[in-house]
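Peer 1: One predicted model, sequence on top.
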Amino acid sequence: MFEDKKICFIGAGSVTEAMIAGLAQKKLIPLENITILNRENQQRLFQLTKKYGVISSANKQQSISEADILILAVKPKDIAESLLNIREATHQKQLVLSVVAGVTTDYISDLLQHHGPVIRAMPNTSAMIGMSATAVAKGTYAKEEDLKIVISVLESIGTVSIVDEELLDAVTGLSGSGPAYFYYMIEAMEQAAVELGFEHHKARELLIQTLIGAGHMLLETKIDPTILREKVTSPGGTTMAGLKILEEYHFQEAIKSAIKQATKRSKELGAIYSEFYK
Ligand SMILES: NC(=O)C1=CN([C@@H]2O[C@H](COP(=O)(O)OP(=O)(O)OC[C@H]3O[C@@H](n4cnc5c(N)ncnc54)[C@H](O)[C@@H]3O)[C@@H](O)[C@H]2O)C=CC1
Ligand SMILES: O=C(O)[C@@H]1CCC=N1
C-alpha cells in the first residue's frame with residue numbers, strides 16, 4: 001500500500017524521529033521515500049538522514065509538492081508560520097497528517113486554503129520502538145480511505161484508536177504526555193531504591209520488569225487495575241503500608257490533576273496559536 005507513497009515531515013524533532021524510527025523498524029515504506037524538513041537546523045537533518053537513511057532536500061517546495069502525505073510535526077507555536085511557508089506548495093490531493101498538540105484540522109485547512117484531507121493524530125515517543133499509543137481523528141474533508149491510510153502508517157509505530165477530534169486534547173494529556181508521568185514515577189522509585197542500598201542499575205532492572213509486568217497483566221488478563229491492585233495488597237502487609245502513604249500524599253488526586261492540566265494546556269496551545277492568523 002505504501003511502496004510508492006512519498007511522505008514529507010515538516011519538523012524534524014523528537015516526535016518525527018520517533019515516528020521515523022518506528023517506520024524504519026517496521027519497513028513499511030522505503031526510507032528514501034521519506035523527506036524531512038525543518039526551519040534551519042541542518043545539523044539535525046544530517047543526523048537523521050545519516051541515522052535512518054531518510055532524505056533531506058534543499059528544495060523544500062519541491063519536496064512538499066511531491067509528497068503524497070505531509071506530516072506536520074512542529075511545535076504549536078510554530079504551526080502558523082510553518083503552514084504559511086508550505087501553503088503554495090501544497091495541493092488538495094495530498095493527505096495532511098498533523099501531530100501538533102491542540103491545533104485543529106479546521107485551522108489547518110483554513111491556513112492551507114484548500115479542502116484537502118486533514119487528519120490529526122496524537123502519538124507518543126514510544127513510537128521510537130513501535131510501541132506508541134496513538135489516537136487519530138479525521139477532519140471535515142478527510143474520507144474513510146484517508147483515515148485507513150493514516151491508520152496503516154501509524155500502526156507501524158504502535159496501536160491506533162479512532163476518537164472524535166474534540167477528545168484529542170484529552171488524548172494529548174493522557175497518552176501523549178503519559179510516558180513522562182511513568183518516567184517521573186520510576187525516577188522516584190529508583191531514588192528510593194538507591195537510598196535503601198540498591199545499586200542503580202539493579203533497581204532499574206527490577207523496576208522496568210515491574211512496569212512491563214503490570215502493563216502485560218492489564219493487557220493479558222483484562223482485569224481492572226483496582227482488582228489487580230487489591231490482589232497485591234495483603235491485609236496489613238507492605239503494599240497496604242505503602243499505599244497508605246500515597247493516600248496521605250493525595251497521589252491519585254495529583255495524577256488526575258496532572259492529566260487535566262495537560263489537557264487544559266493542549267486546549268490553550270491550540271487557542272493561542274490558532275488566533276494569530278484568524
Ligand atoms: N514529543 C512528544 O512526545 C510528542 C510531541 N507531539 C507534538 O509534536 C510536535 C513536535 O513536538 P516535538 O517533536 O517534541 O518538538 P521539537 O521541538 O523536538 O521539534 C519541532 C521541530 O519543528 C521544527 N520547526 C519549527 N518551526 C518550523 C517551520 N516553520 N518549518 C519547519 N520546521 C519547523 C524545529 O526545527 C524542530 O525540528 C508538537 O506539536 C508536539 O505537541 C505529539 C506527540 C508526542
Ligand atoms: O509536551 C508536549 O507538549 C508534547 C505533546 C505530548 C507530548 N509532548
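Peer 2: Received the coordinates, thanks. A quick note: this is a predicted structure, and the numbers were derived from the prediction, not measured. Numbering: from 1, shown residues only. Ligands and ions are numbered 1, 2, ... in the order given.
Peer 1: count of residues packed around the closest residue to ligand 2 within the stretch 51-200 of the chain?
Peer 2: Proximity to ligand 2, evaluated over the stretch 51-200 of the chain using CB to the nearest ligand atom, is greatest for residue 176 at 3.3 Å. C-betas here are computed from N, CA, C, even on glycine. For residue 176, the neighbour count with other CB atoms under 10 Å is 27.
Peer 1: That one is in contact with residue 126, isn't it?
Peer 2: No: applying CB atoms under 8 Å, one finds residue 176 not in contact with residue 126, separated by 10.8 Å.
Peer 1: With adjacent residues omitted, what lies nearest to the residue of the stretch 51-200 of the chain closest to ligand 2?
Peer 2: The shortest distance from residue 176 to any non-neighbouring residue, by CB to CB, 6 or more residues apart in numbering, is to residue 122 (4.7 Å).
Peer 1: Wait, that neighbour touches residue 178, no?
Peer 2: No: Residue 122 sits out of contact with residue 178 when judged by CB under 8 Å, with a separation of 10.3 Å.
Peer 1: for the protein, what spans make up the helices?
Peer 2: Secondary structure of the chain (DSSP state H): helices at 14-26, 42-52, 60-66, 79-86, 105-112, 144-154, 168-171, 178-195, 200-221, 225-232, 238-248, 251-275.
Peer 1: could you dump those to a markdown table with mean neighbour count and mean pLDDT?
Peer 2: What follows is the helices of the chain, written out as a markdown table (neighbours: other CB atoms under 10 Å; pLDDT from 0 to 100):
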| stretch | mean neighbour count | mean pLDDT |
| --- | --- | --- |
| helix 14-26 | 21 | 90 |
| helix 42-52 | 14 | 95 |
| helix 60-66 | 17 | 94 |
| helix 79-86 | 20 | 94 |
| helix 105-112 | 20 | 94 |
| helix 144-154 | 17 | 93 |
| helix 168-171 | 24 | 96 |
| helix 178-195 | 13 | 98 |
| helix 200-221 | 12 | 98 |
| helix 225-232 | 11 | 98 |
| helix 238-248 | 11 | 98 |
| helix 251-275 | 15 | 91 |
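Peer 1: As CSV, these with distance to residue 136 would be great.
Peer 2: Shown next, in CSV, are the helices of the chain (distance: least, CB to CB, whole Å):
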stretch, distance to residue 136
helix 14-26, 13
helix 42-52, 23
helix 60-66, 22
helix 79-86, 18
helix 105-112, 11
helix 144-154, 6
helix 168-171, 9
helix 178-195, 16
helix 200-221, 21
helix 225-232, 25
helix 238-248, 34
helix 251-275, 16
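Peer 1: In JSON lines: those helices, plus distance to ligand 2.
Peer 2: Listed next are these as JSON lines, based on distance: least, CB to the nearest ligand atom, whole Å:
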{"stretch": "helix 14-26", "distance to ligand 2": "7"}
{"stretch": "helix 42-52", "distance to ligand 2": "18"}
{"stretch": "helix 60-66", "distance to ligand 2": "24"}
{"stretch": "helix 79-86", "distance to ligand 2": "12"}
{"stretch": "helix 105-112", "distance to ligand 2": "17"}
{"stretch": "helix 144-154", "distance to ligand 2": "15"}
{"stretch": "helix 168-171", "distance to ligand 2": "9"}
{"stretch": "helix 178-195", "distance to ligand 2": "7"}
{"stretch": "helix 200-221", "distance to ligand 2": "19"}
{"stretch": "helix 225-232", "distance to ligand 2": "23"}
{"stretch": "helix 238-248", "distance to ligand 2": "25"}
{"stretch": "helix 251-275", "distance to ligand 2": "7"}
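Peer 1: So for residue 131, which of these sits nearest?
Peer 2: When these are compared by CB to CB, helix 14-26 sits nearest residue 131, at 8.3 Å.
Peer 1: Show me how far the closest one is from its chain's centre.
Peer 2: Counting by CA atoms, centre = their mean, to the nearest Å, helix 14-26 is centred 11 Å from the centre of its parent chain.
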